[in-house]
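Peer 1: Here is the input, now give the coordinates:
(one chain, ligands or ions: 1)
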Amino acid sequence: MRIVVLTGAGISAESGVPTFRDAGGLWEGHRVEDVATPEAFERDPDTVQRFYDQRRHAVARAEPNPAHDALARLERELGDDLLVVTQNIDGLHEQAGSRRVLHMHGELLQALCARCGARSPVMADLLERPPCPTCGERMLRPDVVWFGELPYHLDEIDEALLACDEFAAIGTSGAVYPAAGFVMTAADWGAHTIELNLASSEIAPLFDEVRHGPASIVVPAWVDEVLAARA
Ligand code: APR
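Peer 2: Next up is the predicted model:
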């Protein structure tokens with residue numbers, strides 16, 4: 001049984017990390033265009049750096065919740081037959097013990113050098129312009145995929161979607177492509193598809209099954225079922 005799980009901001013909501021759309025479309029008082037685009041970074045780098053430094057501090061205080069823990073438990077049982085693809089830029093899946101995680105929108109805890117392209121763990125607020133450990137230039141940006149940029153790992157994700165038996169989308173509104181289209185790719189290749197969300201997302205009708213409830217409740221229950229069916 002090969003499973004691909006797509007997670008969105010909803011899986012981290014109960015860990016205290018605000019989702020995008022539940023914040024009324026504003027990200028901590030910022031319009032997306034003002035902080036999450038290459039143009040914004042070009043125009044006003046300090047505002048962008050400050051925004052992501054603040055989110056990094058907020059995420060540092062967050063803990064994984066039972067939904068993250070359940071996916072780590074599922075990986076301990078399924079190993080390479082489970083792939084978690086996340087749109088989230090927090091590190092809560094890894095903190096819960098998941099190892100096979102693809103961050104298609106990048107990671108808050110990583111910096112990308114705009115000069116040499118090297119990636120490095122964020123060791124200080126990027127607003128302070130720390131030097132790139134590789135080239136020494138003070139041109140580090142958050143290693144986050146901004147609107148208008150290509151998400152990461154799309155080939156690997158497509159490969160996994162074509163080969164999976166089950167596709168589960170957890171806590172995502174289905175508002176942003178290409179992630180919102182993954183369910184169709186998986187279904188086209190015969191996978192059973194399930195959405196686990198507080199409320200039906202925009203793409204709920206595309207799923208074989210939809211279950212409503214907080215991730216910390218519905219995800220462990222789903223994992224129990226998957227593991228029981230394998231036993
Ligand atoms: N349990 C389960 N689902 C929840 C919970 C919860 N406790 N709380 C909220 N949700 C659901 C909401 O119903 C919604 O469908 O999580 C989803 C959050 O949607 P968004 O805020 O749009 O987050 P996401 O789908 O991850 O956004 C996708 O859009 O803004 C860009 O790049 C950003 O990665 C992000 C992408």
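
Peer 1: Can you name the residues of this structure sitting close to the ligand?
Peer 2: Selection of the chain residues close to the ligand by CB under 6 Å from any ligand atom yields 8-10, 13-14, 19-22, 87, 105, 171-173, 175-176, 197-199, 201, 214-215. C-beta: built from backbone N, CA, C; applies to glycine.

Peer 1: Filter those residues down to the buried ones and hand me the PyMOL line.
Peer 2: A single PyMOL command selects the buried members of the residues of the chain next to the ligand (16 or more other CB atoms under 10 Å):
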select buried, resi 8+9+10+13+14+19+20+87+105+171+172+173+197+198+201+214+215
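
Peer 1: So which of the residues of the chain next to the ligand sit within strands?
Peer 2: Counting by DSSP state E, the part of the residues of the chain next to the ligand found in strands is N197.

Peer 1: Among the residues of the chain next to the ligand, which lie within helices?
Peer 2: Under the assignment DSSP state H, these contribute G10, A13, A215 to helices.

Peer 1: now, among the residues you listed, which is nearest to D224?
Peer 2: A215 (14.2 Å; CB to CB).

Peer 1: so who does the closest one touch?
Peer 2: Counting by CB atoms under 8 Å, 6 or more residues apart in numbering, A215 touches G10, I11, A13, E14, N65, A67, I170, G171, L196, L198.

Peer 1: lowest-pLDDT helix or strand in this protein?
Peer 2: helix 32-35 (a mean of 82; mean pLDDT, DSSP states H and E).

Peer 1: who does it touch, helix- and strand-wise?
Peer 2: helix 38-43, helix 45-60 (3 or more CB pairs under 8 Å, 6 or more residues apart in numbering; DSSP states H and E).

Peer 1: Which residue ranges make up each domain of the chain?
Peer 2: 3-17+64-105+151-230, 19-61+108-144 (automatic domain parsing).

Peer 1: contacting residues for T37?
Peer 2: W146, F147, G148 are the contacts of T37 under CB under 8 Å, 6+ apart.
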